[in-house]
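Participant: generate a structure from the sequence data that follows.
(chains A and B)
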Number of protein chains: 2
Amino acid sequence: MATIKDIADQLHFSVSTISKGLNGASDISEKTRRLILDAAMKMGYIPKQSQRLGAGLTRICVFIENMDYERVEQFGYDIILGFKLEAASERWDVSIVPLAMNRKSECGYEDYMRANHYAAGFLLGFRLHDDWLAQIERTNVPTVLLDNVVYRKNVACVGVDNQQGIFYAVEHLAGLSHRKIALLNGEADSCVSRERLAGFRLGMEKCGLTVQKELVADGDDKAEGTGGVVRKFIREGATAIVCASDLLAHRVLCELHRASLRVPDEVSVTGFDDLPLASYTTPSLTTVRQDRLAIGKNVCKVLVQLLGGNSVSRLLLAPELVVRESTGRPKPEPGSKK
Amino acid sequence: MATIKDIADQLHFSVSTISKGLNGASDISEKTRRLILDAAMKMGYIPKQSQRLGAGLTRICVFIENMDYERVEQFGYDIILGFKLEAASERWDVSIVPLAMNRKSECGYEDYMRANHYAAGFLLGFRLHDDWLAQIERTNVPTVLLDNVVYRKNVACVGVDNQQGIFYAVEHLAGLSHRKIALLNGEADSCVSRERLAGFRLGMEKCGLTVQKELVADGDDKAEGTGGVVRKFIREGATAIVCASDLLAHRVLCELHRASLRVPDEVSVTGFDDLPLASYTTPSLTTVRQDRLAIGKNVCKVLVQLLGGNSVSRLLLAPELVVRESTGRPKPEPGSKK
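Facilitator: The predicted structure is shown next:
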């Protein structure tokens, strides 16, 4: 099993730098931190306090669906990493189960958990009308959902405050004098999309702006749809587009580039998530950062609460607006005074 | 300063019972727990780990407005108690400041906190358009609000999940075959009222019922208003009234009694909060319990997070439906089959 020293040797860093990276200290760069966490995970590092393990280990199951998490640039990676790090210090034995449709129909959540002696579950990426999500409404197994809400004792939701995140994006754009702000939301009828729409409305109201029906659209999972939506937004006079994810924002940037519209001079664009790609788009993306490592760690903390019989319903973490180059003041309309 | 032994002597309980009461153990009755906590507070008991205090103490200020908290039967009592108990184990020095209007205009939040060397604040009972609440939007002082939402780094909200609570009440009534369910909400335009309305809509939708405009009303702070609203609900055919607080539910029970309508045979009524009075109304009140001691303790935990630089936005605790005598099946309409 790898030690901190092994990781230090591998990366040619000092032991104290590795330790800082593993503990999320603020005086090392994000890039260094990622390097360290990545190496720790690959090398199978387990924090010291969780090495003295024997029988009677608490087994926890993480179910993932519709979410990429295997590479550092993917959304779920840091969440799983944060969860594993915190779980290790709780001395939990964590299994990661990517769910395929067939597996779900074979045996229900409760049965699966019991048969495999899991004490608690963590579910990521499930859709609202998913069969397993419906089963969570009847479960007695302590369970945490990411970005989904189920009202049930022993079930809690953890995530970033989506309403707050979109609110920040709108506030930022309104502060730059944008009046016609559009929202390209995520998948229709998901918890997250509802909350982001509410945040959009709240932000617009707070800034004295009107939400135009034509300037709100649901995201489409297929890239083909984005072009049409962007063209409609521009036709309707939008000078800024708030997107529900960095991936959507990236598509919007591509569409605007194709239409020879300059960002941010002619149209401002914001993303959501702060995936690694947000630094590499052209121009770099102003976005709402989700601290996914903190989300993973807090999921674990909430599971500790639930396993202890405490009734947490939701824990929302504060997002942070990261201003880069894709937002700016709208250029004055032709004929208007400077 | 009182010790656990002093409290035991005063109440003629064993030291271990007192200890259980102070630690919220589940194997003593609610009544005993209240007795113990009440005595501990009156006798100035401070947990042992917080007795070794000197200079450099973290000073925390609790501001209360529009909320009764001085007697055990009042809403704020257990919240403050829970906060104080948890704060004592953090070795914090807590001041309670009931705010009067004049005090607020004299000096702003930030100035007040700085002048008095407070490291963090906890605000209860503030209204949405309150001057101080607006100042919280610009503060850098770690601050927790009860049941209010302000989007700002270092500011978090703690409370029970109000949407979930009303959802539970509706689900319970729909399960008893009520179709015409009315909502008597709290003060118009408060965060809490918005969330409770959302929970009402969600519950009705989930149970396949329609929200009728005539069956939703804002609570009125004056008792005179309740009678009119209740009469309108009954005229419109309501067989159940979901109330946003136990105090409102108590008024509704009085109005129904005055109108010679039997509860729950003719009208079912639910409350919210589970104040001590809920056990003593006639009939006793089915209500949504807020664990106010847990709320107070969790406010403290979230302040610890904020003081440590972690970005919590909201922590919502799960409410619990307490079924007593004020809810039952609606009687069949005259002429309908049994």
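Participant: for the stretch 201-338 of chain A, which residues are neighbours of chain B?
Facilitator: The interface of the stretch 201-338 of chain A toward chain B, taken as Cβ under 8 Å from any Cβ of the partner chain, is made up of A:291, A:294, A:309-320. From N, CA and C alone the C-beta is placed, and that goes for glycine too.
Participant: can you tell me which of those are in strands?
Facilitator: When DSSP state E defines the strands, the subset of these inside them is A:312-317, A:320.
Participant: returning to what we had before: spatially, which two of the residues of the stretch 201-338 of chain A next to chain B are the most separated?
Facilitator: Based on Cβ to Cβ, the longest span within these runs between A:309 and A:320 and measures 33.0 Å.
Participant: neighbour count: those two, which is higher?
Facilitator: More neighbours sit around residue A:320 than around the other of residue A:309 and residue A:320, counting by other Cβ atoms under 10 Å in any protein chain shown; the figures are 17 against 10.
Participant: if we can go back for a sec, could I get the residues of the stretch 201-338 of chain A next to chain B in TSV, plus columns for distance to residue B:32 and pLDDT?
Facilitator: Formatted as TSV, the entries for those read as follows, by distance: Cβ to Cβ, whole Å; pLDDT from 0 to 100:
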residue	distance to residue B:32	pLDDT
A:291	43	94
A:294	40	94
A:309	19	88
A:310	21	88
A:311	21	88
A:312	26	94
A:313	27	95
A:314	31	95
A:315	31	96
A:316	35	96
A:317	38	96
A:318	39	95
A:319	44	96
A:320	46	96
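Participant: by neighbours, which of those wins?
Facilitator: Per-residue neighbour counts (other Cβ under 10 Å) across those peak at residue A:319, which has 29 neighbours.
Participant: ok, and the closest non-adjacent residue to that one?
Facilitator: Using Cβ to Cβ, 6 or more residues apart in numbering or on different chains and skipping residues adjacent in sequence, the residue nearest residue A:319 is residue A:165, 3.8 Å away.
Participant: buried ones in the helix or strand containing that neighbour?
Facilitator: Per DSSP states H and E, residue A:165 falls inside helix A:162-175. For helix A:162-175, burial by neighbour count (16 or more other Cβ atoms under 10 Å in any protein chain shown) applies to A:162-174.
Participant: could you tell me the average pLDDT over that helix, please?
Facilitator: Average pLDDT, helix A:162-175: 97.
Participant: kindly export it (C-alpha atoms) in CSV.
Facilitator: Included here for helix A:162-175 are C-alpha records, laid out as CSV according to Å, rounded to 0.1, in the frame of the first residue of the first chain:
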residue,chain,number,x,y,z
ASN,A,162,-28.0,25.4,-7.8
GLN,A,163,-30.4,28.3,-7.4
GLN,A,164,-27.7,30.4,-5.8
GLY,A,165,-25.2,29.5,-8.6
ILE,A,166,-27.4,30.7,-11.4
PHE,A,167,-28.4,33.7,-9.3
TYR,A,168,-24.7,34.7,-9.2
ALA,A,169,-24.3,34.3,-12.9
VAL,A,170,-27.4,36.6,-13.6
GLU,A,171,-26.2,39.1,-11.0
HIS,A,172,-22.8,39.3,-12.6
LEU,A,173,-24.2,39.8,-16.1
ALA,A,174,-26.7,42.4,-14.9
GLY,A,175,-23.8,44.2,-13.2
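Participant: thanks a lot, see you next time.
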